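**Student:** Dropping a prediction and its sequence here:
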Amino acid sequence: MNEHLNLWLIPLLPFAGFVINGLLGRRLPKSLVTAIALLAPLVSFGVVLNAVKASGAGLVLPYSETCPIGWINAGALHVDFSFVFDQLSLVMLLVVTGVGFLIHIYSVGYMSHEEGYWRFFSYMNLFMFFMTVLVLAGNALLMFVGWEGVGLASYLLIGFYYKKNSAADAGKKAFIVNRIGDFGFLIGMFLLLANFGTLSFSEIGAKLAASPAWTGGVLTVIALCLLLGATGKSAQLPLYVWLPDAMEGPTPVSALIHAATMVTAGVYMIARTHAIFDRSPFALSVVAVVGAATALFAATIGLVQNDIKRVLAYSTISQLGYMFLGCGVTAYSAAIFHLMTHAFFKALLFLAAGSVIHGMGGEQDLRKMGGLRKKMPVTFWTMTAAVFAIAGFPPFAGFFSKDAILYAAFLQGTTGKLLWFVGVVTALLTAFYMFRLWYLTFLGESRSHDVHPHESPWSMLGPLSILALLSVGGGWIGIERFGAFLAPAVGRQTGEGGSAQLEILLILLAVAVAALGWFMAHRLYHQRPEGAAQLAAAMPTGYKLLLNKYFVDEIYSYTFVKPLLAFSRFILGWVVDTAVLGGLAWLLGGIALLGGAILQRWQSGNLRSYAAWLAFGAAALLLFVLVPWTSVLASFPVFHMNVAGH
């Protein structure tokens, strides 16, 4: 079979796992549920590797749409159900299926004693199905199907503990906030259709290539609409608020959403539609500014959070900001490179955090941890690799990808240098809060006396070890080779105007900043543990502002949520319920009462009354039959005109 035909197996296998476990999982043995759930992403990953092998080890991958099937034909609108296979989709598929499979393995141990085990894995497979559809989509409409699908699956997974109000509310929040961004994506699709007559990415790119002078204007509007969709899915300002609350789901869900799937969809979509963004300098500037602002904003909040998963959630928002910054300065290869390395170390961070939570009996508060290094040595060393990777120390993976983005930003003139400075400050904060988490979790004295920590089973530690290796060596391919590989799919890249000396200088500065962040965390949380509390007491307003996340949720609540609820209660409660439905019920009730009263009079049981009604009816019938109504009506002028035919 042609290797392109095999690509259909990539989404179909997880979908089959979802259907089987979803319908039959309650009655199947747990071991069989596990086998079905793991085989689906494993075989999908194998199909991706086979496609790489069949395409010359991935060195030459021309853009190709596989076996397009007619899907929608309405007038001039023609949309195929087709998959695209190129360098960009290949990288994403390797990340999604590879890291996703490791998360599935980890979940076997983490969720082994949970009620609804079969339901959890059916949702996980459903997530993989929709994410692979999103990545493989050859047109915007099919991408939107996967886009909405991962939103549905995330709602199910975040709210997996549906009996817990906070989890149910978090699932609803994620679903609703993403609908705002999805509205922008929809408008962008309508504009694409109106201006290009197609939703196919290849056809849109060809039409833009044939019109080199077409810039700005409607293309800017389309790009900004697509950006709105990306900010919702990838949790950027102002639609980031759903992602921290998504921590209410099981920890493997957090790893799947944050590392390999949903939140990277916005970055992928911008890279896939780069031909449109490249024609709008204003839209690119907005992407870069949104990314840099989000990176710094989320990093400041992460400084003082005490929930281990919430710290990682804000770090994800911040790292996604780096990816948006890379796209905004047209360094798409660097952005996707960081997406890939981030998948390695962020999945490791979340899974290691899950191992800590598992070993601590469900405890997530950093203030109640400490001293776990000797109790959980494998978790400690693997998480250490992830911490050094996200902080940007060489030779760890995050060092190569993050510095590539910062270097590309620095070369973009005055504005680029300002964005670079924001990125460097964010790197300082990232190193500080990640080493803060590291010290509070593993070093020092234990601050919990009611828990007996223990290492996790190897079903959880195995994926940690593999991800640790990827977090160390995943960036060694280098941005030059990675960029050359992706160039046919993502177009031109920045980098002109730099020099080897400048690049080395910026690298040394970035490493020095990361080291400074580590030193600050070492002083405050290891050498002088009381120093952090003293610093917070010295700046109570700033500390409270960061601890409460700038009160953004409260502002949104009072500005949007409560007015909307009040308006909805008025419309639905008074207008619809009281006025319309209540009035209709009153009217129908009145008619029934009146009809009942009349019928009651008829059914009086009085023979004389029945005789009178009978006589009245007979008289009316005779009157209708015997009277010449045509002549009578003709005597009236208005009826006379009608009878005469005028």
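**Tutor:** Arrived safely, thanks for sending.
**Student:** Just the buried residues of stretch 453-468, please?
**Tutor:** Pro453, Glu455, Ser456, Met460, Leu461, Pro463, Leu464, Ile466, Leu467, Ala468 (16 or more other Cβ atoms under 10 Å). The C-beta positions use only the backbone N, C-alpha and C, and glycine is treated the same way.
**Student:** Identify the residues contacting that stretch?
**Tutor:** Stretch 453-468 is contacted by residues 99, 102-103, 105-106, 108-110, 344-345, 347-348, 351-352, 354-355, 358-360, 372, 375-379, 381-383, 385-386, 446 when judged by Cβ atoms under 8 Å, 6 or more residues apart in numbering.
**Student:** distance between that stretch and the chain's centre?
**Tutor:** Chain-centre distance of stretch 453-468: 26 Å, with Cα atoms, centre = their mean, to the nearest Å.
**Student:** pLDDT of that stretch, averaged?
**Tutor:** For stretch 453-468, mean pLDDT is 93.
**Student:** Relative to Ile466, how far out is Val472?
**Tutor:** 11 Å (Cβ to Cβ, to the nearest Å).
**Student:** Does Lys129 lie in a helix or a strand, and which?
**Tutor:** Rather than Lys, residue 129 is Phe. helix 117-136 (DSSP states H and E).
**Student:** Listing request: residues of this protein with sub-threshold pLDDT.
**Tutor:** 1-5, 55-68, 260, 492-497, 572-576, 599, 601-605, 627, 629-630, 632-646 (pLDDT under 70).
**Student:** What ranges does it have for its strands?
**Tutor:** 64-74, 77-85 (DSSP state E).
**Student:** residues touching Gly25, list them.
**Tutor:** Val33, Tyr117, Trp118, Arg119, Phe121, Ser122.
**Student:** ok, for the fourth one, nearest residue in space, not its chain neighbours?
**Tutor:** Leaving aside its chain neighbours, Arg119 sits nearest to Gly25 (6.9 Å; criterion: Cβ to Cβ, 6 or more residues apart in numbering).
**Student:** now do the fifth one
**Tutor:** Excluding the flanking residues, the one nearest Phe121 by Cβ to Cβ, 6+ apart is Ala37, at 3.6 Å.
**Student:** Quick check: the one you found touching Leu126?
**Tutor:** No. Using Cβ atoms under 8 Å, Ala37 makes no contact with Leu126, being 10.9 Å away.
**Student:** Of the two, which one has the most company?
**Tutor:** Per other Cβ atoms under 10 Å, whichever of Ala37 and Leu126 has more neighbours is Ala37, with 28 against 23.
**Student:** Identify the residues contacting the more buried one.
**Tutor:** Under the contact definition (Cβ under 8 Å, 6+ apart), the residues listed for Ala37 are Gly17, Asn21, His104, Phe121, Ser122, Met124, Asn125.
**Student:** and if we set it to 7 Å?
**Tutor:** Applying Cβ atoms under 7 Å, 6 or more residues apart in numbering to Ala37 gives the contacts Gly17, Asn21, His104, Phe121, Met124, Asn125.
**Student:** Go ahead and confirm the last one touches Pro14.
**Tutor:** Yes. The pair Asn125 / Pro14 is scored as a contact, 4.4 Å apart, by Cβ atoms under 7 Å.
**Student:** between these two, what contacts are shared?
**Tutor:** In contact with both Asn125 and Pro14: Ala40, using Cβ under 7 Å, 6+ apart.
**Student:** what about His78, distance to Phe85?
**Tutor:** Between His78 and Phe85 the computed distance is 21 Å (Cβ to Cβ).
**Student:** how many neighbours does the nearest residue to Ile276 once chain neighbours are set aside have?
**Tutor:** Leaving aside its chain neighbours, Ile276 sits nearest to Ala223 (5.3 Å; criterion: Cβ to Cβ, 6+ apart). Residues near Ala223, counting by other Cβ under 10 Å, number 26.
**Student:** Also Ala54?
**Tutor:** 13.
**Student:** Could you tell me how far it is located from Val48?
**Tutor:** Taking Cβ to Cβ, one finds Ala54 at 11 Å from Val48.
**Student:** Also Leu42?
**Tutor:** 11 Å.
**Student:** Tell me which of these two has more neighbours.
**Tutor:** Neighbour count, other Cβ under 10 Å: between Leu42 and Val48, Val48 has more, with 25 against 17.
**Student:** Ile10 is in contact with the more buried one, correct?
**Tutor:** Yes. The criterion here is Cβ under 7 Å, and Val48 meets it with Ile10 at 6.4 Å.
**Student:** Find residues that contact each of these two.
**Tutor:** Going by Cβ under 7 Å, 6+ apart, residues that sit against Val48 and also against Ile10 are Leu93, Thr97.
**Student:** longest single helix anywhere in this structure?
**Tutor:** Ordering each helix of the chain by length in residues (DSSP state H) puts helix 165-196 first.
**Student:** how far away is Glu363 from Lys163?
**Tutor:** For Glu363, the distance to Lys163 - Cβ to Cβ - is 21 Å.
**Student:** so Gly398 touches Ala389, yeah?
**Tutor:** Yes. Counting by Cβ under 7 Å, Gly398 does reach Ala389; the two are 4.2 Å apart.
**Student:** which residues do these two both contact?
**Tutor:** Phe345.
**Student:** Please state the offset of stretch 179-187 from the chain centre?
**Tutor:** That offset, for stretch 179-187, works out to 13 Å (Cα atoms, centre = their mean).
**Student:** Dump it to CSV, keeping only the CA atoms.
**Tutor:** Extracted C-alpha coordinates of stretch 179-187, given in CSV (Å, rounded to 0.1, in the frame of the first residue of the first chain):
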residue,chain,number,x,y,z
ARG,A,179,-15.5,29.3,21.8
ILE,A,180,-14.5,33.0,21.8
GLY,A,181,-11.3,32.2,19.9
ASP,A,182,-13.1,29.7,17.6
PHE,A,183,-15.5,32.5,16.5
GLY,A,184,-12.4,34.4,15.2
PHE,A,185,-11.3,31.2,13.4
LEU,A,186,-14.7,30.9,11.8
ILE,A,187,-14.7,34.5,10.6
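**Student:** contact partners of it?
**Tutor:** Phe144, Trp147, Glu148, Cys225, Leu226, Leu228, Gly229, Thr231, Gly232, Lys233, Leu239.
**Student:** Which PyMOL command selects the buried ones in these?
**Tutor:** To isolate the buried members of the contacts of stretch 179-187 in PyMOL, using 16+ other Cβ under 10 Å:
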select buried, resi 144+147+148+225+226+228+229+231+232+233+239
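**Student:** nearest to Thr330, of the contacts of stretch 179-187?
**Tutor:** Leu226 (15.6 Å; Cβ to Cβ).
**Student:** now the closest residue to that closest one other than its chain neighbours: how far from Val253?
**Tutor:** Residue nearest to Leu226 in three dimensions, not counting chain neighbours: Gly188, with 4.4 Å by Cβ to Cβ, 6+ apart. From Gly188 across to Val253, the span is 29 Å (Cβ to Cβ).
**Student:** Please say which of those two ends up with more neighbours.
**Tutor:** Set Gly188 next to Val253 and count neighbours by other Cβ under 10 Å: Val253 wins out with 28 against 24.
**Student:** Just to check, Arg358 is in contact with Gly109?
**Tutor:** In this structure residue 358 is His, not Arg. No. His358 is not in contact with Gly109 according to Cβ under 7 Å; the separation is 8.1 Å.
**Student:** can you map out the helices along the stretch 301-450 of the chain?
**Tutor:** 308-328, 332-359, 377-391, 397-410, 413-442 (DSSP state H, counting those that start in this stretch).
**Student:** which secondary structure elements does the shortest one contact?
**Tutor:** For helix 397-410, the helices and strands in contact under the criterion 3 or more Cβ pairs under 7 Å, 6 or more residues apart in numbering; DSSP states H and E are helix 308-328, helix 332-359, helix 377-391, helix 413-442, helix 458-473, helix 500-522.
**Student:** can you redo those as JSON lines with distance to Lys562?
**Tutor:** Below are those laid out as JSON lines (distance: least, Cβ to Cβ, whole Å):
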{"stretch": "helix 308-328", "distance to Lys562": "24"}
{"stretch": "helix 332-359", "distance to Lys562": "33"}
{"stretch": "helix 377-391", "distance to Lys562": "37"}
{"stretch": "helix 413-442", "distance to Lys562": "32"}
{"stretch": "helix 458-473", "distance to Lys562": "42"}
{"stretch": "helix 500-522", "distance to Lys562": "39"}
